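*Asks:* Have a look at this prediction, sequence included:
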Amino acid sequence: MGRAVAAVKRALLVLVAAGCAHQTPEQREAELARERRCAAVEIYPPGMSPARPYRVLGPVGVSTDNLSAHRDRALRDSACALGADAVIDIHEDATAAQNPYASSANQSVEVSGTAVSWSDTAR
C-alpha cells in the first residue's frame, strides 16, 4: 500500500512540474506583474475612505472564510480584475452558512465592496 501511495505522489509531482514548464518566460513575467499589481490594491475598512479623488468602477463581492487576510486577498483579486486601485465601503455578511460546530476560521463569509480607481493620476 505504501508503494502505491508513493507512486501516486511521484506521478502528481511530475504532472505539477510539467504544468509549470508550459509557461513561457513572458507569460511568467506577465503573471508576476499581475500579482504585484493586485497586491497593491488598497483595502479601506468600513467607515474609512481614501483622501484621494477616485472614480467608481463597480461592485465587488467574494465568498471566503472568516480570516481577514483571506478576505482581503479575495477582494484585492476581484477588484484587480476590474483595474481598481482600492476597495471601499466593505460590508460583511457573517450569517451566511454558519455552522455552530465549525471554528470561526471555517465559517463562510460574504464580503462586498466598491472597486475604485484613482482619478488624480494618468493610467
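*Replies:* Noted; the coordinates are in hand.
*Asks:* how about low-confidence regions in the protein?
*Replies:* 1-2, 4-9, 11-21, 94-106, 122-123 (pLDDT under 70).
*Asks:* What strand or helix carries the residue most central in space within it?
*Replies:* What sits nearest the mean C-alpha location of the chain, by C-alpha atoms, centre = their mean, is residue 74, with 2.5 Å. For residue 74, the host element (DSSP states H and E) is helix 68-80.
*Asks:* Would you agree residue 76 is in contact with residue 37?
*Replies:* No. Between residue 76 and residue 37 there is no contact, the gap being 9.6 Å when judged by C-beta atoms under 8 Å. The C-beta positions use only the backbone N, C-alpha and C, and glycine is treated the same way.
*Asks:* And the residue nearest to residue 52 when sequence neighbours are not counted, its phi and psi?
*Replies:* Nearest residue to residue 52, sequence neighbours excluded (C-beta to C-beta, 6 or more residues apart in numbering): residue 118, at 5.3 Å. Phi and psi for residue 118, reported as degrees, to the nearest 10, are phi -70, psi 130.
*Asks:* Pairing partners for residue 118 in the sheet, please.
*Replies:* Taking DSSP bridges as the rule, residue 118 bridges to residue 54.
*Asks:* residues contacting it?
*Replies:* 50, 52, 53, 54, 85, 86 (C-beta atoms under 8 Å, 6 or more residues apart in numbering).
*Asks:* burial of the fifth one, as a residue count?
*Replies:* Other residues near residue 85 number 22, with proximity taken as other C-beta atoms under 10 Å.
*Asks:* What number of residues are in the vicinity of residue 24?
*Replies:* By other C-beta under 10 Å, the residues close to residue 24 number 8.
*Asks:* let me fix that: residue 61
*Replies:* Neighbours around residue 61, by other C-beta under 10 Å: 13.
*Asks:* Could you do residue 26 as well?
*Replies:* By other C-beta under 10 Å, the residues close to residue 26 number 8.
*Asks:* Report the separation between it and residue 118.
*Replies:* 28 Å (C-beta to C-beta, to the nearest Å).
*Asks:* Strands of the chain, start to end?
*Replies:* Per DSSP state E, the chain carries strands over the ranges 42-43, 54-64, 86-93, 109-118.
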